[in-house]
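**Student:** based on what follows, work out the 3D shape:
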Amino acid sequence: MDAICTEFQKNYASVNLDFQEKDAKGYDYIMILIYLEELKKGYKAKRVNKTTKKRTTVTYSRIGSKEELEGYMKLLQDKIQEFNEKWDCDLQLEKGE
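**Tutor:** A predicted model of the protein is given here:
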């Protein structure tokens, strides 16, 4: 019998309040990367906890359907559009493998 991980947490110690205050644009960019971090492995960021002075904790969950993936991709597009408007950039989300 094979076991499948359906949910897990990761802590990002360098993504903390100090980093957010010193480099707001870099922080916003890293937050997008956090949403993309586990996507190739079939997981989405289910919950991103509030950034603290020590870390940002993210709960990832398994993507269970094509519809769920499409919804997540829409969320990512919205986050990128928000980043582009806020920082006057032109980030693009390209489809991978």
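
**Student:** make it CA atoms for all contacts and neighbour counts henceforth
**Tutor:** Fine.

**Student:** list the contacts for the closest residue to V58 other than its chain neighbours?
**Tutor:** With sequence-adjacent residues excluded and distances taken as Cα to Cα, 6 or more residues apart in numbering, V58 is closest to V48, at 4.5 Å. Taking Cα atoms under 8 Å, 6 or more residues apart in numbering, we find V48 in contact with T56, T57, V58, T59.

**Student:** and stretch 56-67, how far apart are its ends?
**Tutor:** 28 Å (Cα to Cα, to the nearest Å).

**Student:** give me the number of residues near the residue lying closest to C5 once chain neighbours are set aside?
**Tutor:** The shortest distance from C5 to any non-neighbouring residue, by Cα to Cα, 6+ apart, is to R62 (7.5 Å). For R62, the count of nearby residues is 20 (other Cα atoms under 10 Å).

**Student:** wait, R62 touches E7, no?
**Tutor:** Yes: assessed by Cα atoms under 8 Å, R62 is found in contact with E7 at 6.2 Å.

**Student:** what sits up against the longest helix seen in the chain?
**Tutor:** Secondary structure of the chain read by DSSP state H shows that its longest helix is helix 66-87. Residues from elsewhere that reach helix 66-87 (Cα under 8 Å, 6+ apart): K25, D28, Y29, I32, Y35, K44, I63, C89, D90, L91, Q92, L93.

**Student:** buried stuff in it?
**Tutor:** Buried residues in helix 66-87, counted by 16 or more other Cα atoms under 10 Å: L69, Y72, M73, L76, Q77, K79, I80, Q81, F83.

**Student:** okay, and for this protein, where does confidence drop off?
**Tutor:** 96-97 (pLDDT under 70).

**Student:** K46 belongs to a helix?
**Tutor:** No: checked against DSSP: H, G, I helix; E, B strand; the rest coil, K46 lies outside a helix; its state is strand.

**Student:** list the contacts for the residue nearest to the spatial centre of the chain?
**Tutor:** Of all residues in the chain, the one closest to the mean position by Cα atoms, centre = their mean is Y35, 1.3 Å from it. Going by Cα under 8 Å, 6+ apart, Y35 touches K44, A45, L76.
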